[in-house]
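Chemist: A structural model of the following input is requested.
(chains A and B)
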Amino acid sequence: MSQRIPVKELTDSFRGRAVGALADAQLRTNFRVAMDSLMKKRADAFPDEEEREGLRELGNHIKARALSRLPDLLEQLETRLTANGVKVHWAETTEEANRIVHSIIEAKQGSQVVKGKSMVSEEMEMNDYLAERNIECLESDMGEYIVQLDGEKPSHIIMPAIHKNRFQVSKLFHDKLGVDETEDVNELIQIGRRTLRQKFLEADVGVSGVNFAIAETGTLLLVENEGNGRMSTTVPPVHVAVTGIEKVVANLRDVAPLLSLLTRSALGQPITTYVNMISGPRKADELDGPEEVHLVLLDNGRSGAFADAQLRQTLNCIRCGACMNHCPVYTRVGGHTYGEVYPGPIGKIVTPHMVGLDHVPDHPSASSLCGACGEVCPVKIPIPELLQRLRQENVKSPDEPAVVQGGGSKYSWKERALWRMWMALNTRPTLYKCFLWAATRLGKLTPKNLGPWTENHTAPVPARRSLHDLAKAHLNAEKTSGDRS
Amino acid sequence: MSARDNILKKLRAGLEGSTPRPDQFDETLVTEPWQYAPEDRIQRLRSLMETVHTEVYTLAAANWPAKVQELLENRKLANLLYAPGTGHGQQLAEFWAEAAAEQNLLAYDRPIEEWKEELFWQVDASLTGTAGAIAATGSLVLWPDRHEPRLMSLLPPLHIALLKASEIEDNLYSMMEKQNWSAGLPTNLLLVSGPSKTADIEQVLAYGAHGPKELVVLILEDA
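Modeler: Numbering: from 1, shown residues only, chains lettered A, B, ... in the order given. A predicted model of the protein is given here:
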């Protein structure tokens, strides 16, 4: 009998969730259709290969240059923002970041928060944290709103509700908002617009993410199509932006290529409908805009990735989602299978630094290393290389120093010993010959149960004669026949 | 030690022994593919903006207030939010008085707190100026200030924007250079490239997600 994984464990593991997702025809169709369309849009947005490659090279250069001076740039950003009237906070952990956000809301005696799309706030699980403290934290991006209404998590970093179709959304709105069912996408969006507009009006605090933080001018740049980001950052009396420490760039000029790379890679758009550049709170004589603007800079494991020159490249990421759109694994298993905030290839290389590699030990291996992610990455993160590196970190022995937190959880002395034997066998000709002699003659003794392999296959039986042996015989026969002629 | 000190210390430790990379920004990559003859700029801007459902009209500078009134009339709208402290705001008000136009002019002349409900639910349209436009991406540059607040281009379902043809630049980079953005930015600088939209349900494009459902750009040819 082959070993069977208990059902409970199945749903708690990447493998188990993948099995479930693969069997869900609707989910697979939703993803397949969406990813095909996003891939085509990106391709159409970069018609000139030379232009695209030049821009990617520049994008990589800008991010690598910024990272090579990261602490200085963060200090410069803080100085400039402070001079502009923005209050800057630092948080090492998500818990700390949540506490900061909560204290800002409390100081205003706020009870209602509207949120523009922010992956860092997902990382913090800010909605839950605030809900536990009786503060309503409402997502205002249409996709995020749908996902939140259904008690789910986003399945894609750019298109959070991509796993749902219009019928599922219609049913959800009907059940939760009491509106009539409709299959008209426009009507569904208008329902969302009306509901959320009232929330923007009432909100005490607006929360957003940041796409680029510009050190030179002390500016927070946000991109979006819907206008909910502008609402969240303009209407409520207080705006709190949360972002990872890697989002800082040196100057405004650097943003020109990054912005173009971001919107074309993500959605195939030359630019998003809105590019929102915030450099301070409302001035004394201005008539709208928040009276207070805060920025929370979150580490949450990023400095760990930063410490290693190779893994540091993970922090180039500008969160466009192109790697997941082009990933054959992501397209088939969907975003929820990853069980973490960041799915897909980028999720696989960034999550270990946030939650520890031991929490996501299967992630680095859930890849065929086909290379598509690295090929489309607008800032040229060598994702396949980093996945291989994480696989090595995963099986490091406890005696070696761990580079990634939670590294070495897949270390097995049996496996290590087996590979040692394999190495010995293949580097010592005499030993190899003895092994071949035994394997070809004692093949019948091969065990019938070879772990996962024999779940779906019969156990292999070694051939009676080795390839070596056969080749030698073949060459000898040719030689003999050659001699005769 | 504070979180700030800890984070900076860890980052500095990670950089030990390395030197900052030199700046090798190649501006030709963001300028050369995006250059247009002056006479082609309007066409490029127009076609990109029309692709995302923006209405674009080119007209003589003297005619724009009448065009604004026509746009409101055709849509049977009751009021228009405007900025009385701006040059174009005054021009509009003068035209409105002379033409005895029936649509109500709403002046954005007091803090949002004093009329939030009305701004959110009862304003039909707004008129703002622009600080130019970018041909490469089909984007308007909005530079809100105390006279023309930021929400004017966001809350009303219809946003009408005035653009001087002479202020259309080739690309974002040349716009930044021309207007010397790095020397000082407003509290909220905006690039607007169409009406608000979303594709969050099945990637089906729907307009009027949270911001304006309609954007109309009036390009003033001789201004």
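Chemist: got phi/psi on the residue of chain B found nearest chain A?
Modeler: Residue nearest to chain A within chain B (C-beta to the nearest C-beta): B:G211, separated by 2.8 Å. To be clear about C-beta, it is placed using only N, CA and C from the backbone, and glycine gets the same treatment. Per-residue torsions, B:G211: phi -100, psi -160 (degrees, to the nearest 10).
Chemist: shouldn't A:W90 be within a helix?
Modeler: No: assessed by DSSP: H, G, I helix; E, B strand; the rest coil, A:W90 does not belong to a helix; its assignment is strand.
Chemist: ok, it - contacts?
Modeler: A:V296, A:L297, A:D299, B:S2, B:A3, B:R4, B:I7 (C-beta atoms under 8 Å, 6 or more residues apart in numbering or on different chains).
Chemist: top of those residues by neighbour count?
Modeler: Counting neighbours by other C-beta atoms under 10 Å in any protein chain shown, A:L297 comes out on top of the contacts of A:W90 with 29 neighbours.
Chemist: how many neighbours does A:A250 have?
Modeler: Neighbours of A:A250 (other C-beta under 10 Å): 21.
Chemist: is it correct that it is in contact with A:S68?
Modeler: No: A:A250 is not in contact with A:S68 according to C-beta atoms under 8 Å; the separation is 10.2 Å.
Chemist: quick revisit: ok, now which ones touch the residue of chain B closest to chain A?
Modeler: Going by C-beta under 8 Å, 6+ apart, B:G211 touches A:E226, A:G227, A:R230, A:M231, A:T273, A:Y274, B:S153, B:L154, B:L155, B:H159, B:P195, B:S196.
Chemist: what residues are up against the last one?
Modeler: Residues in contact with B:S196 (C-beta under 8 Å, 6+ apart) are A:N225, A:E226, A:G227, A:T273, A:Y274, B:Y207, B:G208, B:A209, B:H210, B:G211, B:P212, B:K213.
Chemist: does chain B have contacts with the helix or strand hosting A:R42?
Modeler: Using DSSP states H and E, A:R42 falls within helix A:25-45. Yes: using C-beta under 8 Å from any C-beta of the partner chain, helix A:25-45 comes into contact with chain B via A:N30, A:V33, A:A34, A:S37, A:L38.
Chemist: run me through the strand neighbours of the helix or strand harbouring A:H294, direction for each.
Modeler: Counting by DSSP H and E, the element that carries A:H294 is strand A:292-298. Strand pairing for strand A:292-298, determined by DSSP bridges: strand A:86-91 (parallel), strand A:238-244 (parallel).
Chemist: neighbouring contacts of that strand?
Modeler: A:74, A:81, A:85-91, A:94, A:97, A:100-101, A:104, A:120, A:123-124, A:210, A:213, A:220, A:237-245, A:278, A:280-281, B:7.
Chemist: so how far is that strand off the chain centroid?
Modeler: Offset of strand A:292-298 from its chain centre (C-alpha atoms, centre = their mean, to the nearest Å): 23 Å.
Chemist: keeping just the C-alphas, turn that strand into CSV.
Modeler: Only the C-alpha atoms of strand A:292-298 are listed here, as CSV (Å, rounded to 0.1, in the frame of the first residue of the first chain):
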residue,chain,number,x,y,z
GLU,A,292,-2.9,64.6,7.6
VAL,A,293,-0.9,62.2,5.5
HIS,A,294,1.1,59.3,7.0
LEU,A,295,3.5,56.9,5.4
VAL,A,296,4.2,53.5,7.1
LEU,A,297,7.4,51.9,5.8
LEU,A,298,7.3,48.1,6.4
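Chemist: tell me the helix or strand right after that strand.
Modeler: Counting by DSSP H and E, what follows strand A:292-298 is helix A:302-306.
Chemist: is that following helix in proximity to chain B?
Modeler: Yes: using C-beta under 8 Å from any C-beta, helix A:302-306 comes into contact with chain B via A:S303, A:F306.
Chemist: and that helix, what does it pack against?
Modeler: Using 3 or more C-beta pairs under 8 Å, 6 or more residues apart in numbering or on different chains; DSSP states H and E, the elements in contact with helix A:302-306 are helix A:344-355, helix B:3-15.
Chemist: quick one: the first one near chain B?
Modeler: No: with C-beta under 8 Å from any C-beta as the measure, helix A:344-355 is seen stopping short of chain B, the closest distance being 12.3 Å.
Chemist: for the helix or strand just after that helix, list every residue counted as buried.
Modeler: Downstream of helix A:344-355, the next assigned helix or strand under DSSP H and E is helix A:372-376. Within helix A:372-376, the residues that count as buried by 16 or more other C-beta atoms under 10 Å in any protein chain shown are A:A372, A:C373, A:G374, A:V376.
Chemist: re earlier: of the contacts of B:S196, closest to A:A256?
Modeler: Ranked by distance to A:A256 (C-beta to C-beta), those are led by A:Y274 at 16.8 Å.
Chemist: which SS state does B:D23 fall under?
Modeler: B:D23, by the three-state scheme (three-state DSSP), is coil.
Chemist: now for the spatially closest residue to it that is not a sequence neighbour: which residues touch it?
Modeler: Nearest residue to B:D23 in three dimensions, chain neighbours excluded: A:R65, at 6.4 Å (C-beta to C-beta, 6 or more residues apart in numbering or on different chains). A:R65 is in contact with A:A250, B:P20, B:R21, B:P22, B:D23, B:Q24, counting by C-beta under 8 Å, 6+ apart.
Chemist: returning to that earlier point: in strands, which of the contacts of B:S196 fall?
Modeler: A:Y274, B:Y207 (DSSP state E).
Chemist: I'd like to know which of the contacts of B:S196 are buried.
Modeler: Buried among those (16+ other C-beta under 10 Å): A:N225, A:E226, A:G227, A:T273, A:Y274, B:Y207, B:G208, B:A209, B:H210, B:G211, B:P212, B:K213.
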